[in-house]
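S.K.: Pasting the sequence and the predicted model now:
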Amino acid sequence: MSHTLCETKQKMPLQLQCGTKKTAVTRPCRIEQFAFESSSPEIPGLSGKASLNEDRQISENQNFTYPVFIPGDTGKFKSAIIMLHGLNERSWTKYYPWAEYLAITTGRPIILFPIAYHMNRGPAEWSNPRVMAELVTKRKSLPENRGAMSFANAALSQRLTDLPDRFFWSGLQTVSDITGLVKKIRDGAHPLFHKNADIDLFGYSIGAFLAEIILMANPGKLFTDTRLFIFCGGSIFSQMFGVSKLIMDTPAYNRLLQFYCSEWPTIYGKSKPGNLSSDDPLIKAFSAMIRPDHFKTERESFFAGAKNRISGIALQKDQVMPYSGIKACMGDKTTNECIELIDFPFDYTHEIPFPDHGKIDKKLTREAMNKVLVKSAAFLS
């Protein structure tokens, strides 16, 4: 299944500005959808195992499609960029101009890969206001909830409150899926790519967190040379602030923080057969990304050693993924070398960095987007 970009919501050429020269991109960029069948990782003996096994029956999460923005018309490619999105997102629309620009500018296909239970990998009712109305009312009655409750975050908030383990297992399944996809590409079994094609990552928000873990764990030794561009991400987990009508409500955030900052170390540290092992590279990488005081030397040493493969942009007013959280993750020196802190001359948020509501001059938001995309394309080219 494929169609050109002009058949999507982006009907006009994307206006790009490189320095002081403005260019209208008119070269073709088509989108193709590729089917994917996920193979859920086996679940060791954790609390809530029954609920996690129920999650594995969600068909949308197991069989789905992912879009690829492809520059040009024909032929196979020697490299790709995998773009990873934020937490609780259900639509790729925000990412279309990002993917279009990167595909055309770098000449590389951009794979928009959905995190487990996100985008088209979750039931439609999770984002249906009518279906979520009763749950919204229920969660609004919780004494902790202070105004961040909405139909958009109701499903995720309830799921994480009931079983915070889901945050980890969603990430683990996604890493497993991406590893499988990259192996397929490297084996020459993907129709778009030559064998041993290079793979780089573009991570936004929690997608950047996931990408950092992938680089650190390096599953299958497939990501040894992979580069990562980070936008609005890169923070240590404990300094993220996910309370938002578009992400999760206060009770869910508090439960998630308590679970991973206080309870998680005792779970992965158990030595009983069948339980999580701290020797697993993914467990070690994930655990190193939770608190700044845990595995500080190992984590900062990794990022210092990988600094030539990491670049990014953080936003001054980002309250979800603050720049201070990136420093707590990578260390001051590496952060200063890899991540540029900037601000935009208009009101924005982490969730909506480039507002398109008519109240802000579109020239300003376009220039802001250009700044991010030009830097990312230059790094990933």
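M.R.: Great, that's in hand.

S.K.: Just the CA trace of stretch 71-80, in PDB.
M.R.: Taking Å, rounded to 0.1, in the frame of the first residue of the first chain, the C-alpha atoms of stretch 71-80 are listed here in PDB:
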ATOM      1  CA  PRO A  71      12.500   9.700  -1.200                       C
ATOM      2  CA  GLY A  72      12.500   9.200  -5.000                       C
ATOM      3  CA  ASP A  73      10.600   6.600  -6.900                       C
ATOM      4  CA  THR A  74      12.400   3.300  -7.200                       C
ATOM      5  CA  GLY A  75      15.400   1.300  -6.100                       C
ATOM      6  CA  LYS A  76      16.700  -0.100  -2.800                       C
ATOM      7  CA  PHE A  77      18.500   2.000  -0.200                       C
ATOM      8  CA  LYS A  78      21.700   1.500   1.800                       C
ATOM      9  CA  SER A  79      20.400   3.100   5.000                       C
ATOM     10  CA  ALA A  80      17.400   4.100   7.000                       C
END
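
S.K.: how far does it sit from the chain's center?
M.R.: Taking Cα atoms, centre = their mean, to the nearest Å, one finds stretch 71-80 lying 24 Å from the centre of the chain it belongs to.

S.K.: For this structure, which residues score under the pLDDT cut-off?
M.R.: 1-27, 42-50, 73, 268-278 (pLDDT under 70).

S.K.: at 90 what do you get?
M.R.: 1-29, 39-54, 56-57, 72-75, 141-149, 264-280, 283, 356-359 (pLDDT under 90).

S.K.: Break down it into its strands, ranges please.
M.R.: Under the criterion DSSP state E, strands of the chain are mapped to 2-4, 15-18, 21-24, 29-37, 63-71, 77-84, 110-112, 193-204, 228-231, 310-315, 339-342.

S.K.: Minimum distance to Gln158: which of the ones you listed has it?
M.R.: strand 63-71 (22.1 Å; Cβ to Cβ). In short, each C-beta sits where N, CA and C put it, glycine included.

S.K.: And that closest one, what's buried?
M.R.: Phe64, Tyr66, Pro67, Val68, Phe69, Ile70, Pro71 (16 or more other Cβ atoms under 10 Å).

S.K.: what's the answer for stretch 328-335, then?
M.R.: Here stretch 328-335 shows Ala328, Cys329, Met330, Gly331, Thr334, Thr335 as buried, counting by 16+ other Cβ under 10 Å.

S.K.: so what's the first one up against?
M.R.: Residues touching Ala328, when contacts are defined by Cβ atoms under 8 Å, 6 or more residues apart in numbering, comprise Ser235, Ile236, Ser238, Gln239, Pro292.

S.K.: If we use 6 Å, what do you get?
M.R.: Contacts here follow Cβ atoms under 6 Å, 6 or more residues apart in numbering; on that basis Ala328 touches Ile236, Gln239, Pro292.

S.K.: Could you tell me how many residues sit around the second one?
M.R.: Burial measure for Gln239: 17 neighbouring residues, criterion other Cβ atoms under 10 Å.

S.K.: Throw the contacts of Ala328 into TSV and include distance to Thr250, thanks.
M.R.: Output for the contacts of Ala328, formatted as TSV (distance: Cβ to Cβ, whole Å):
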residue	distance to Thr250
Ile236	20
Gln239	17
Pro292	23
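
S.K.: from these, which is closest to His350?
M.R.: Gln239 (13.2 Å).

S.K.: what about the residue lying closest to the closest one once chain neighbours are set aside, distance to Trp98?
M.R.: In space, and not counting its chain neighbours, Gln239 is closest to Gly325: 3.4 Å by Cβ to Cβ, 6 or more residues apart in numbering. From Gly325 across to Trp98, the span is 22 Å (Cβ to Cβ, to the nearest Å).

S.K.: which residues touch the residue most central in space within the chain?
M.R.: Nearest to the mean C-alpha position of the chain, counting by Cα atoms, centre = their mean, stands Gly207 at 1.6 Å. Gly207 sits next to Leu84, His85 when contact means Cβ under 6 Å, 6+ apart.
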